[in-house]
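Trainee: The following comprises the amino acid sequence and a computationally predicted model.
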Amino acid sequence: MVNTFTKSVPKSHYVGPGAAQEVVSRTLSVLVDNEPGVLARVIGLFSGRGYNIDSLTVTETEHEMHLSRITIVTRGTPNVIEQIKHQLERLVPVHHVHDLTLEGRSLERELALIKISGRGEKRIEALRLAEIFRASVIDASTEHFVFEITGRTSKIEQFIQIMTELGLVEVARTGIAAIGRGPSSQ
């Protein structure tokens, strides 16, 4: 008897061994109606197709028109990114999809709250480094600090790495907020 059953291997949306296209990171700005279920539909599009989201922020930005901006940082081959953009554009509550990475230099910032525990020299060093990174102390006791830092993701990652050696306890991050440069709306 011949076995005709073949195991279905899921197709990856990312580059596999020997593939020619490189994986790129893109920041997408998606303007949507601010109504229940919209975020779930956008996220469902990503999860249903096996796409990954590295960062996600959303809030209402145009109150009178009831519009929200979803900022998504995702990765994939250029073809996958194009698929993501086209599929987002087809969703009913989506008004515009802008690839801020391709449209020119965008302004990107992230906020992080970082709790450090320590005494003595480590405490003094944490305060000194926080000043260099322009992090603000927003809560303190004799045994801990909570720093607030805003900046590019790379700056925040570097600060977290340094603070790990000085008594890092906890980190809370907002994800990236981004907007295009120049006078036009994106």
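Mentor: Cool, got the structure.
Trainee: list the buried ones in stretch 157-171?
Mentor: Neighbour counts over stretch 157-171 (16 or more other Cβ atoms under 10 Å) mark Phe159, Ile162, Met163, Leu166, Gly167, Leu168 as buried. No exception for glycine: its C-beta is placed from N, CA and C like everyone else's.
Trainee: where's the spatially closest residue to the first one that is not a sequence neighbour relative to Gly175, distance?
Mentor: Spatially, and ignoring its direct neighbours in sequence, Phe159 is nearest to Phe133 (4.9 Å; Cβ to Cβ, 6 or more residues apart in numbering). When distance is defined by Cβ to Cβ, to the nearest Å, Phe133 is 19 Å away from Gly175.
Trainee: Kindly state the beta-bridge partners for Lys115.
Mentor: Val146, Glu170 (DSSP bridges).
Trainee: returning to what we had before: secondary structure and distance to Thr71 added to the buried residues of stretch 157-171, as CSV?
Mentor: As requested, the buried residues of stretch 157-171 are arranged in CSV below (DSSP: H, G, I helix; E, B strand; the rest coil; distance: Cβ to Cβ, whole Å):
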residue, secondary structure, distance to Thr71
Phe159, helix, 21
Ile162, helix, 27
Met163, helix, 26
Leu166, coil, 31
Gly167, coil, 32
Leu168, strand, 26
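Trainee: Neighbours of Pro36, how many?
Mentor: Using other Cβ atoms under 10 Å, Pro36 has 6 neighbouring residues.
Trainee: no no, Val137
Mentor: Val137: 14 neighbours (other Cβ under 10 Å).
Trainee: Distance of the closest residue to Ile138 other than its chain neighbours relative to Ser136?
Mentor: Ranked by Cβ to Cβ, 6+ apart and with sequence neighbours excluded, the top spatial neighbour of Ile138 is Glu148, at 4.8 Å. Applying Cβ to Cβ, the value for Glu148 to Ser136 is 5 Å.
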